[in-house]
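Trainee: I need the structure of the sequence given here:
(chains A and B)
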Amino acid sequence: MLKGKISARRRAYILTMRVLMWASATLTAGLVLFLFVYILANGLPHVTWELLSTKPSYLEDRIGILPDILNTVYIVLATLVFVLPIGVGAAIYLTEYAKNKRVVGVIEYAAETLSGIPSIIYGLVGMLLFSNNFGTSLLAGALTLVIMNLPTVMRTAQESLKTVPQSYREGAFGLGAGKWRTVRTVVLPGCVDGIITGCILSVGRIIGESAALLFTAGFAHALNGVFEGLTSSGATLTVALYVYAKEEGEFGVAFAIAAILLILTLLINLSATLTGRYFAKRRNI
Amino acid sequence: MSDIITVKNLCLWYKSVQALKSVSMTIPEKSITALIGPSGCGKSTFLKTLNRMNDLVPGVKITGEVTYDGTNIFDPGVDVNELRRNVGMVFQKPNPFPMSVYDNVAYGPRTHGITNRVRLDETVEKALRDAAIWDEVKDRLKKNALGLSGGQQQRLCIARALAVKPQVLLMDEPTSALDPISTSRIEELVLQLKENYTIITVTHNMQQAARISDMTAFFLLGELVEFGDTETLFSQPSDKRTEDYITGRFG
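Mentor: Residues are numbered from 1 along each chain as shown, chains lettered A, B, ... in the order given. As a prediction, the model looks like this:
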């Protein structure tokens, strides 16, 4: 039996499957690599110090993306300021305090559904809710992104809280620590890595968002400080990319922005991985 | 010996399952009481009721009375945190917090408002000495407690519990996750602690109960079958079921 020959049909089948799998793997890897090289090759030559450090000027016939970079930073900060405390607070309440587990289940399910709907819907809602009330501005954009990121931030924080062993909580309660002291001194430190990783990934989503911002944050390239910037209309890097490519035909600039975004995303994912690894190492002494 | 805890007609349900059936007993001060019985007999549940750790389990219903220090611990006005400070607990699996040895022991005192550095140092050292682990950890107080061996971790947890100066120490099978040498060290330690503390321990190990305890309670199917002097209970049990259990006929 063991030494019986494999039939020709069987061998052909194995060979076909192997070739197919090899082909799909190569195609996937090839596409990723192609995109990477294509974007960087088209973009990097246009990334100049002048582009990064100035604002656009028609008089001097110059394009600069410094305002767009700053707008991106402002919108990331403004979004995080709101989304972190609300999201983590909601997660703490739902996992540590809420008694009715069925309602918690419904909320979790709703949050997961919300995090899956297209971002343009958030844009529409944000426009009606924020932009129409206090004008198209980075703040309106940030608030829209708060709503959009809240479910994900809450869910990742919840999942990290759940990884903290119940025995830590019992230990603290057994010493007469109250609920909030237990959460603050034992539970949160035990899962801070998960929360930070979730936070870094949501920075990535904020930087990458465009559809929702087209509706709410506007297209201006003015150079502003934080508070001025937040209250006035402004384009982030992704929106600027759209504008330069679609409305001004400046493909070089668009690709330069694309290359910058690509590298940013790479750095963000890398720092998320490194944070996770750093805390894992610290935990295992 | 005066009594420190009096339990009267204690019944407990997990949702619709009754886990304790009208348990009554009085526990003498500065003694070791062992709770024995087969798995699922309610001995751990009973133990966790004494400092209301069962409050954490959803769907628990309790009737009856547990009097500690002249107060029924289920009275609405009772401060559960204060109760747990007085009636401390050591768990089955060592559960040090993922922080330094020092911070583990200082956790309780800090929780109850001690911030003075000198007083904290004193409290931590005394607790570690009382738990017979000071010599092993005095040079690594700042190191993470998770680096200690299992037996050391359990003695550290005992030190952590002692640091809040409780009167009663509840132990839920404190040696079941440990090797024989660590087990005998913990047993010696428990015998020493008896001088100053009242100890109530759940154990699966009948020799251990016979070796260290003054009083033994035998639980079966949520009922307290027999409670009395350890020597009497093991040599002349008054109930047939106790005899069957301690002679190894079931369990």
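Trainee: residues touching residue B:167, list them.
Mentor: Contacts of residue B:167 were listed using CB atoms under 8 Å, 6 or more residues apart in numbering or on different chains, and they are B:4, B:69, B:86, B:87, B:197, B:198. Quick note: C-beta positions are derived from backbone N, CA and C, even for glycine.
Trainee: Leaving aside the residues adjacent along the chain, what's closest to residue A:154?
Mentor: Nearest residue to residue A:154, sequence neighbours excluded (CB to CB, 6 or more residues apart in numbering or on different chains): residue A:87, at 4.4 Å.
Trainee: what packs against the one helix or strand that neighbour maps to?
Mentor: Assigned by DSSP states H and E, residue A:87 belongs to helix A:66-92. Judged by 3 or more CB pairs under 8 Å, 6 or more residues apart in numbering or on different chains; DSSP states H and E, the packing partners of helix A:66-92 are helix A:49-53, helix A:138-162, helix A:188-208, helix A:226-231, helix A:237-246.
Trainee: can those helices go into TSV with extra columns for mean neighbour count and mean pLDDT?
Mentor: Converted to TSV, the helices and strands packed on helix A:66-92 look like this (neighbours: other CB atoms under 10 Å in any protein chain shown; pLDDT from 0 to 100):
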stretch	mean neighbour count	mean pLDDT
helix A:49-53	12	90
helix A:138-162	24	94
helix A:188-208	19	90
helix A:226-231	16	87
helix A:237-246	21	93
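Trainee: so which of those gets nearest residue B:178?
Mentor: Evaluated with CB to CB, the helices and strands packed on helix A:66-92 place helix A:188-208 nearest to residue B:178, the distance being 24.0 Å.
Trainee: ok, residues contacting that closest one?
Mentor: For helix A:188-208, the external contacting residues (CB under 8 Å, 6+ apart) are A:72, A:75-76, A:79-80, A:83-84, A:88, A:92, A:145, A:149, A:152-153, A:156-157, A:159-161, A:163-165, A:168, A:236-238, A:261, A:264-265, A:268-269, A:271-272, A:275-276, A:278-280, B:98-99.
Trainee: Residue A:27 - that's part of a helix, no?
Mentor: Yes. Residue A:27: assigned to a helix according to DSSP: H, G, I helix; E, B strand; the rest coil.
Trainee: ok so, going back, now that we have the contacts of residue B:167, which one has the most neighbours?
Mentor: The most crowded member of the contacts of residue B:167, judged by other CB atoms under 10 Å in any protein chain shown, is residue B:87 (27 neighbours).
Trainee: Confirm for me that it is in contact with residue B:68.
Mentor: Yes. Here residue B:87 reaches residue B:68: they are 6.7 Å apart, a contact under CB atoms under 8 Å.
Trainee: and for those two, which residues touch both?
Mentor: Common neighbours of residue B:87 and residue B:68, counting by CB under 8 Å, 6+ apart, are B:50, B:168.
Trainee: need the residues of the stretch 151-285 of chain A near chain B, please.
Mentor: Within reach of chain B by CB under 8 Å from any CB of the partner chain, the stretch 151-285 of chain A has these residues: A:165, A:167-178, A:181, A:185-186, A:189-190, A:283-285.
Trainee: From these, which land in helices?
Mentor: A:167, A:168, A:169, A:170, A:171, A:172, A:173, A:174, A:181, A:189, A:190, A:283 (DSSP state H).
Trainee: follow-up on the earlier one: buried subset of the contacts of helix A:188-208?
Mentor: Burial by neighbour count, 16 or more other CB atoms under 10 Å in any protein chain shown: within these this picks out A:72, A:75-76, A:79-80, A:83-84, A:88, A:92, A:145, A:149, A:152-153, A:156-157, A:159-161, A:164, A:168, A:236-238, A:261, A:264, A:268, A:271-272, A:275, A:279, B:98-99.
Trainee: in the chain, which residue is closest to the centre?
Mentor: Picked chain A for this. residue A:205 (2.1 Å; CA atoms, centre = their mean).
Trainee: Chain B, not that one
Mentor: Most central in chain B under CA atoms, centre = their mean is residue B:170, positioned 1.5 Å from the mean C-alpha point.
Trainee: Bridge partners for it, pull those for me.
Mentor: Beta-bridge partners of residue B:170, counted by DSSP bridges, are residue B:89, residue B:200.
Trainee: my guess is it contacts residue B:51, does it?
Mentor: Yes. With contact defined as CB under 8 Å, residue B:170 and residue B:51 form a contacting pair (6.1 Å).
Trainee: Can you name the residues in contact with stretch A:175-183?
Mentor: So stretch A:175-183 is contacted by A:92, A:96-97, A:169, A:172-173, A:185-186, B:81-85, B:88, B:107-108, B:111-112, B:160-161, B:164 (CB under 8 Å, 6+ apart).
Trainee: What distance do you get for residue A:124 to chain B?
Mentor: Noted for residue A:124: a distance of 41 Å to chain B, by CB to the nearest CB, to the nearest Å.
Trainee: Next, count neighbours for that residue.
Mentor: As a burial measure, residue A:124 scores 16 neighbours (other CB under 10 Å).
Trainee: which non-adjacent residue is nearest it?
Mentor: In space, residue A:124 comes closest to residue A:215 once its chain neighbours are excluded; the distance is 6.3 Å by CB to CB, 6+ apart.
Trainee: helix/strand/coil for that neighbour?
Mentor: Recorded secondary structure, residue A:215: helix (three-state DSSP).
Trainee: Please tell me how far it sits from residue A:70.
Mentor: 21 Å (CB to CB, to the nearest Å).
Trainee: Could you do residue B:184 as well?
Mentor: 68 Å.
Trainee: more neighbours, those two?
Mentor: Legend: neighbour count by other CB under 10 Å for residue B:184 and residue A:70, higher for residue A:70 (20 against 15).
Trainee: for the more buried one, what are its contacts?
Mentor: Residue A:70 sits next to A:223, A:224, A:229 when contact means CB under 8 Å, 6+ apart.
Trainee: need those residues in CSV with distance to residue B:204, can you?
Mentor: Output for the contacts of residue A:70, formatted as CSV (distance: CB to CB, whole Å):
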residue, distance to residue B:204
A:223, 73
A:224, 70
A:229, 67
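Trainee: ok, residue A:223 to chain B distance?
Mentor: 47 Å.
Trainee: do the same with residue A:269
Mentor: Distance, residue A:269 to chain B, using CB to the nearest CB: 27 Å.
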